[in-house]
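In: Everything below, folded, please.
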Amino acid sequence: MESLSGPFAILVLVLDILAIVQVWRSSIEVGRKVIWSLVIVLLPVVGLIMWAAAAGPFGKARL
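Out: As a prediction, the model looks like this:
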């Protein structure tokens with residue numbers, strides 16, 4: 001199990017970076033962009049899941 005922690009960490013890092021790029025490319029206000037970026041950075045896995053749920057095709061939140 002220890003051999004998977006490195007690739008998993010890199011995968012989460014890459015997905016977090018892609019999520020932050022998508023947040024900053026969106027048309028939402030700058031304040032919301034900063035908040036979403038902080039959530040993704042401070043809570044890497046949970047923040048990514050929250051962002052995906054809110055920004056996905058079935059998301060009800062206005063980003």
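
In: Buried residues in the top helix by length along the chain, which are they?
Out: Longest helix in the chain by number of residues (criterion: DSSP state H): helix 5-25. By neighbour count on 16 or more other C-beta atoms under 10 Å, the buried set for helix 5-25 is 15-16, 19-20, 23. (Each C-beta comes from the backbone N, C-alpha and C, glycine too.)

In: what's the offset of that helix from the middle of its chain?
Out: Here the centre of helix 5-25 is set off from its chain's centre by 7 Å, with C-alpha atoms, centre = their mean, to the nearest Å.

In: so where is this protein shaky, pLDDT-wise?
Out: Confidence mapping of the chain against pLDDT under 70 gives the ranges 1, 58-63.

In: Please give the element, helix or strand, for the spatially most central residue of the chain.
Out: Residue closest to the mean C-alpha point of the chain, counted by C-alpha atoms, centre = their mean, is L48 at 3.5 Å. Per DSSP states H and E: L48 is located in helix 44-55.

In: What is that helix packed up against?
Out: Secondary-structure packing of helix 44-55 (3 or more C-beta pairs under 8 Å, 6 or more residues apart in numbering; DSSP states H and E): helix 5-25, helix 30-42.

In: Go through those and name the closest to G56.
Out: Of all those, it is helix 5-25 that lies closest to G56, at 11.0 Å by C-beta to C-beta.

In: Packing partners of the closest one?
Out: Using 3+ C-beta pairs under 8 Å, 6+ apart: helix 5-25 touches helix 30-42, helix 44-55.

In: quick one: which of the ones you listed is nearest F8?
Out: For those, proximity to F8 was assessed by C-beta to C-beta; helix 44-55 is nearest, at 9.6 Å.
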